[in-house]
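Undergrad: okay, here's the prediction I keep looking at, along with the sequence it came from:
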Amino acid sequence: MNIGGYNHRIEYTTNVFINAGADTAELRNWKEKLISIATQIPDQADTLTPVIQLIVAAIAPAKIYMIKHDAIEGMEDEAFIDLLIVVSGKSNTPFKELEPVLEMAYLKDRRVCCSLHGESNVIEGLRTGHLFYSLHCIPENLVYDDKAAVYPIATPVAMQEMKTRIQQQFALTFKKALDFNKSAIFLYEKARSPIIAFLLHQAVELTYRGILQCLNGYDKKTHEIRALKKHARRCAPQLNSFFPDNTEEEKRLLDILENAYLKARYEDQYIVTENDFSLLFKRVMQLQQAATKIIEEKTA
């Protein structure tokens with residue numbers, strides 16, 4: 001994989017190695033198969049053609065949807081792409097055995113990921129109006145289709161009703177997250193209490209849980225920010241840019257927030273510096289602004 005060229009576009013080079021003893025017919029069959037796959041990939045997924053070819057050749061999925069998560073304005077991170085791979089019900093291969101193929105396909109680049117979904121689950125989700133599948137498994141996102149089955153599609157009216165429910169649900173959940181942040185600001189202006197860190201922790205936790213509940217269709221009940229980040233990777237990966245946890249300093253800052261849930265309330269020696277409070281307030285504000293923007297874009 002190479003990141004370069006115009007607008008730092010992501011370019012992939014995929015090599016498929018055939019047994020050295022393979023005969024000419026086998027080589028020709030592989031070439032024809034890869035060319036056939038490429039002709040089914042729309043122009044908007046052109047840069048991912050080698051990746052999609054590899055996945056289709058190795059897994060033979062029913063469909064592949066490309067979900068684009070736009071970059072957040074003002075952040076250095078580029079857009080994120082999730083290839084939602086629907087595995088045919090005819091496949092008897094456990095998902096665990098397919099994961100190495102996905103790792104090879106996207107080379108662990110954090111901006112491109114792949115997720116496996118059983119075909120029966122996707123169809124049932126679309127039929128019953130599951131939020132995640134209804135929003136993303138749509139013809140506009142389809143980049144590969146074996147054409148063996150036609151999936152249900154929500155009507156424009158049903159889709160608009162779903163988006164309205166998302167807006168209403170997020171408003172209820174997010175209000176609590178905003179209230180915790182406002183309380184932290186109010187207390188910080190009065191006194192430098194460690195309990196402020198707990199309030200900020202709750203502001204972050206409820207922001208993530210609100211996003212998961214609205215876009216993934218379930219409420220992940222955990223107080224661990226790192227666990228919530230992992231679940232948000234599918235529906236709102238942009239949020240993970242604010243507490244990236246990718247350097248020693250970032251790990252330290254996130255540890256302060258994680259530990260605040262218990263230590264800020266029960267340990268007398270728990271201390272947060274002025275500088276760390278300043279960083280935390282800034283990150284929480286950015287996180288909540290981004291969450292609001294994501295919901296607005298998803299429900300537009």
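TA: Alright, I've got the coordinates.

Undergrad: hmm, residue 111 is touching residue 79, no?
TA: Yes - Residue 111 sits in contact with residue 79 when judged by C-beta atoms under 8 Å, with a separation of 7.1 Å. Yep, even glycine has a C-beta here, placed from its N, CA and C like the rest.

Undergrad: quick one: the helices in the chain, in order.
TA: Secondary structure of the chain (DSSP state H): helices at 24-39, 49-59, 95-106, 119-128, 131-136, 156-190, 195-211, 225-235, 248-266, 274-298.

Undergrad: tell me which of the ones you listed sits nearest to residue 219.
TA: Closest to residue 219 of these is helix 195-211 (C-beta to C-beta; 6.0 Å).

Undergrad: what mean pLDDT would you report for that closest one?
TA: Helix 195-211 carries an average pLDDT of 97.

Undergrad: in it, which residues are buried?
TA: Within helix 195-211, the residues that count as buried by 16 or more other C-beta atoms under 10 Å are 196-211.

Undergrad: between the helices of the chain, which one is closest to residue 88.
TA: So among those, helix 119-128 is nearest, using C-beta to C-beta, at 5.4 Å.

Undergrad: contacts for the closest one?
TA: For helix 119-128, the surrounding residues in contact (C-beta atoms under 8 Å, 6 or more residues apart in numbering) are 62, 86-89, 130, 132-134, 137, 149, 151-154.

Undergrad: for the chain, what helix or strand is lowest in average pLDDT?
TA: Least confident helix or strand of the chain, by mean pLDDT, DSSP states H and E, is strand 2-3 with a mean of 35.

Undergrad: so can I have a markdown table of the helices of the chain showing distance to residue 68?
TA: A markdown table is the format used below for the helices of the chain (distance: least, C-beta to C-beta, whole Å):
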| stretch | distance to residue 68 |
| --- | --- |
| helix 24-39 | 20 |
| helix 49-59 | 14 |
| helix 95-106 | 15 |
| helix 119-128 | 19 |
| helix 131-136 | 10 |
| helix 156-190 | 18 |
| helix 195-211 | 17 |
| helix 225-235 | 13 |
| helix 248-266 | 26 |
| helix 274-298 | 11 |
